[in-house]
Each structure stands twice: as C-alpha cells, then as structure tokens.
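[1] give me a 3D structure for the following:
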Amino acid sequence: MATQPDQITTGEDHGGLVRRFIARWRDDPGATYRSWFLWDERLKNFRSIRRGIGQVVGEIERGTFGVAYRGSSLETVVHSVAEQRQIFKGADHAFLWKPKLRIPDIYENPENQRAFGRLLDACSCCDTAEEIIGHIHTIDRLKIKGLGPAVANLLYFLHPTLVPPFNTAIVKGYNALTGSKVKLGSWEHFLAMRSGVLDLNDRHRDLLSNDLGAIGGLLFDIGFDRYPAPPLDVSGEALASWGQRLETAREEARTLSKAALREGENERTHTEIQAWLRDLGLALGYDVWIASNDRSRAFNGSPLGHGCLEHLPASIATSKGADSIRLIDVLWLERGGDHVAAAFEVEHSTSIYSGIVRMLDLALSGSALHATAGLFLVAPDAREADVRAQLQRPAFSRVADLDISYLPYGELERNREAIARFGSGLKAIKAISSKLA
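    A predicted model of the protein is given here:
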C-alpha cells in the first residue's frame with residue numbers, strides 16, 4: 001500500500017513529497033484525475049473537437065468565417081472544449097470578442113485571422129514538438145493583440161502528449177508546485193512552463209500519463225486551491241503547516257466525493273439508457289453495436305456489450321469516419337448485414353456537440369448504406385430546447401439534410417416495453433420522437 005502524503009517525515013526532499021502527494025491526489029474521487037481524466041466521455045470528444053478545428057480552418061481559408069465570434073464555428077468548438085468539465089470551464093473567455101479593446105484581433109483583421117487559421121492548420125498536420133513550437137513562434141512574432149497561450153487548449157486536443165492544457169488555475173498551480181513565476185498571456189512563458197511540465201511528467205510518469213491532461217489536472221487542482229502543493233521549504237515548520245492544510249483538503253475532498261458520486265449516478269443513467277436501446281434493438285430483430293469504449297462497462301452484472309456485435313461490418317470499419325462511428329453510443333444494423341438502420345447518441349449532461357459530429361460522420365461516410373439511417377439524439381425531456389438551439393449553429397448546417405430526431409428519456413421509458421413486444425422496424429421509435437431538422 002502506498003504511503004499517504006500526509007504521513008510527514010522530516011528530512012524527506014521535495015521530490016519525495018511530490019510523489020506521495022500525486023499518489024494521494026489520484027486516489028481522491030473528487031480530484032480532476034478521476035472526475036475528468038478517467039472520464040469515458042473525455043476521449044470521445046477528442047475527434048469531434050479536432051473536426052471542429054478543421055472546420056474553423058476551412059472557413060478561414062475560404063473567407064467565409066466572418067467577423068464575429070458569436071455564431072461562428074470557432075464558438076462551437078471552443079464551447080465544446082469549455083464543457084469538458086471544470087478544468088476547461090471558461091475556456092471561451094479568451095476568444096470572446098471584446099469590442100472596446102478590439103481583442104482578440106482575429107475577427108476584424110483578415111490577416112490576423114488567416115494567421116490564426118494557419119497556426120491551427122499547421123499544428124493539425126505536424127507530428128513533432130519542434131514543429132509545433134516553431135508554429136507558435138511564428139504566430140507570436142505577429143503580436144496579435146489578445147491572442148495568447150489560451151490557444152494551447154485547442155492545441156492540446158490536437159496533440160495531448162505534446163501540449164499541456166493552459167489556464168489561470170494551471171499556471172497558478174505550476175508556480176506553487178515549482179516555485180516558478182510563469183505569467184499569463186505570454187507565449188514565451190507558456191513554452192517555458194511546457195518544458196517544466198514535461199520534466200515533471202517524466203519524473204512522475206508512472207503516476208500520471210503520457211497524456212498531459214493528467215498533470216494538467218493536477219496543476220489545475222492545486223491552482224484552484226483544492227489541494228495544497230508540497231512546500232518547497234522542507235523544514236519542520238513548513239511541513240507541519242502543509243500537513244494541516246492537507247488535512248483540510250481531505251475534509252473538502254469528502255464533500256467533493258459526494259458530488260463525484262452524484263456524477264457517477266449520471267454516468268450510470270447514461271449506461272442504463274444505452275442498455276434500454278440495446279435491449280429494444282435486439283427485441284426488434286436488429287444486430288446491435290455498443291460504442292467501443294462502453295462495451296465492457298458493467299450493467300446489471302454483465303458487460304453492456306453482451307449479446308451485441310463484437311466487430312463492425314467491414315464496409316463501416318473501413319469507411320472515412322470509422323473512428324468516430326465506433327464511438328456512437330448505440331447502432332442498430334439490419335440482421336446479418338452492413339446497413340445501419342438507426343443510430344443513437346445519449347446526451348445526459350454534457351454538450352451535444354460531439355454526438356452530433358459522430359452522427360454526421362456516419363451519415364457522410366460516403367456509403368449509401370447509411371444514408372437512410374434514422375438518427376436519434378436521446379436526452380432528458382427538458383433538454384429539447386437546448387438541442388434545437390445547438391442545431392441552429394452554422395457548424396451544423398448540414399444537419400438539415402439528415403433524418404435526425406429528438407428522443408426524450410421519458411417517452412423511451414414509458415414505451416420501450418410495448419415497442420419491444422408489438423413494434424417492428426423504426427415506425428414506433430419515430431412515433432415517440434420529434435423531428436429536429
């Protein structure tokens with residue numbers, strides 16, 4: 001059993017305290033490591049955010065991006081990042097147009113807008129840290145007013161092993177843990193912090209991850225004052241003070257754990273809805289696919305993927321959007337065939353952005369086999385207005401061409417048993433849904 005970090009002994013160096021601190025932090029249910037980094041939906045959102053970045057680049061290149069943040073494709077993708085739980089809350093602040101200050105100056109200045117697009121495009125295509133840093137230096141030399149290292153939050157979703165996330169709390173946490181004096185708003189300071197973060201991660205990789213989101217979460221929790229960083233001064237007085245603050249943090253973590261348990265209830269609800277759709281699809285005679293990263297999740301004592309397809313048909317597995325399609329919550333396929341009859345995305349408490357993008361990937365995968373699939377966003381009854389508002393965004397202009405419907409939890413719960421017994425095909429499921437486009 002690992003030694004708890006609050007079992008303080010004099011004479012231990014700072015590095016030893018940091019290791020025990022990280023081990024304790026990882027074990028707390030309320031810590032960002034468990035509540036966000038290990039969250040199943042986190043990985044699902046990477047592809048949709050990357051696709052959104054590609055759409056921003058494309059619109060800038062074509063000159064159709066416009067001169068406003070509100071309603072733009074950039075707002076859509078940054079909004080999706082901001083909904084990646086608390087670590088990215090407020091990620092959109094840096095991109096909001098502040099007309100009195102004329103910042104960030106990428107909306108009304110065409111040259112700056114194109115430079116921003118080139119940065120995102122170049123970093124989407126490159127593979128090495130040296131290339132990314134070179135592209136950062138290129139845009140930094142332009143000194144675009146108001147466009148600073150907050151862009152790193154977009155770059156993180158392009159290269160999670162090379163670029164750490166960045167915000168005020170992360171900078172504060174890094175300074176507290178290392179004694180550094182990194183400042184916000186400076187690419188030079190961000191790159192210096194990145195170097196230090198990589199060094200820290202290398203030293204404690206066995207407790208963290210190659211994905212810099214893990215250490216980013218650690219620094220966020222320190223900077224957000226959830227956990228006190230081990231003291232740089234390892235004298236007895238400093239250690240005693242740290243021990244007291246750590247005990248206070250432990251008490252607060254118990255409160256956070258209650259919130260984490262409530263969030264766990266949300267996750268179980270998501271799994272339960274998937275199970276309803278699985279059982280209903282099987283009862284109606286379809287082959288059923290469960291999202292690849294949800295198949296092993298337990299529900300009522302057995303894996304969620306029990307009785308479902310273990311592999312997607314070859315025509316889907318090799319299609320253009322296969323990586324995204326594999327992550328759709330539930331697919332119904334014609335028995336023994338490769339035609340997708342229906343696709344379901346369950347959106348309990350998170351952004352619907354990623355789910356819509358996966359639907360688009362299926363519908364636009366280049367195969368006529370999926371063109372007639374019924375597409376359903378399954379969400380709590382009260383979220384219909386939110387779903388419809390999201391679909392009004394320019395980023396989803398092609399949704400109007402699709403057969404996409406809103407399926408409320410309440411209707412599904414009330415009617416699923418009757419549909420399973422007496423229904424056939426999609427007629428009944430469409431009857432309890434409402435068209436979105």
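[2] where in this protein is pLDDT low?
    Along the chain, the parts satisfying pLDDT under 70 run over 1-11, 236, 250-268, 348-351, 364-372, 394-395, 397-401, 437.
[3] all strands of it, in order?
    287-290, 298-299, 302-303, 330-333, 340-346, 374-379, 404-408, 434-435 (DSSP state E).
[4] packing partners for the longest one?
    When you say that, I think you mean strand 340-346. Strand 340-346 is packed against helix 236-283, strand 330-333, helix 353-363, strand 374-379, with contacts defined by 3 or more CB pairs under 8 Å, 6 or more residues apart in numbering; DSSP states H and E. Using the backbone N, CA and C atoms, a C-beta is placed for each residue, glycine as well.
[5] re earlier: can I get the strands of the chain in TSV with mean neighbour count and distance to S195?
    What follows is the strands of the chain, written out as TSV (neighbours: other CB atoms under 10 Å; distance: least, CB to CB, whole Å):
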stretch	mean neighbour count	distance to S195
strand 287-290	24	42
strand 298-299	14	41
strand 302-303	12	43
strand 330-333	26	44
strand 340-346	25	39
strand 374-379	24	43
strand 404-408	21	46
strand 434-435	11	52
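[6] Serialize the helices and strands packed on strand 340-346 to JSON lines and add fields for distance to G66.
    Output for the helices and strands packed on strand 340-346, formatted as JSON lines (distance: least, CB to CB, whole Å):
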{"stretch": "helix 236-283", "distance to G66": "35"}
{"stretch": "strand 330-333", "distance to G66": "35"}
{"stretch": "helix 353-363", "distance to G66": "19"}
{"stretch": "strand 374-379", "distance to G66": "27"}
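[7] nearest to S73, out of the ones you listed?
    S73 sits nearest to helix 353-363 of all these, at 11.2 Å, using CB to CB.
[8] now for that closest one, which elements pack on it?
    helix 40-62, helix 73-82, helix 322-325, strand 340-346, strand 374-379, helix 384-391.
[9] quick one, which of the ones you listed is nearest to A283?
    That would be strand 340-346 among these, by CB to CB, at 13.4 Å.
[10] now the helices and strands packed on helix 353-363 in JSON lines, with distance to L309?
    Listed next are the helices and strands packed on helix 353-363 as JSON lines, based on distance: least, CB to CB, whole Å:
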{"stretch": "helix 40-62", "distance to L309": "19"}
{"stretch": "helix 73-82", "distance to L309": "29"}
{"stretch": "helix 322-325", "distance to L309": "12"}
{"stretch": "strand 340-346", "distance to L309": "11"}
{"stretch": "strand 374-379", "distance to L309": "18"}
{"stretch": "helix 384-391", "distance to L309": "28"}
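[11] wait, which of the ones you listed is closest to V357?
    Comparing the helices and strands packed on helix 353-363 against V357 with CB to CB, the closest turns out to be helix 40-62 (3.8 Å).
[12] tilt between that closest one and helix 353-363?
    70 degrees (axes from the mean of the first three to the mean of the last three CA atoms, to 10 degrees).
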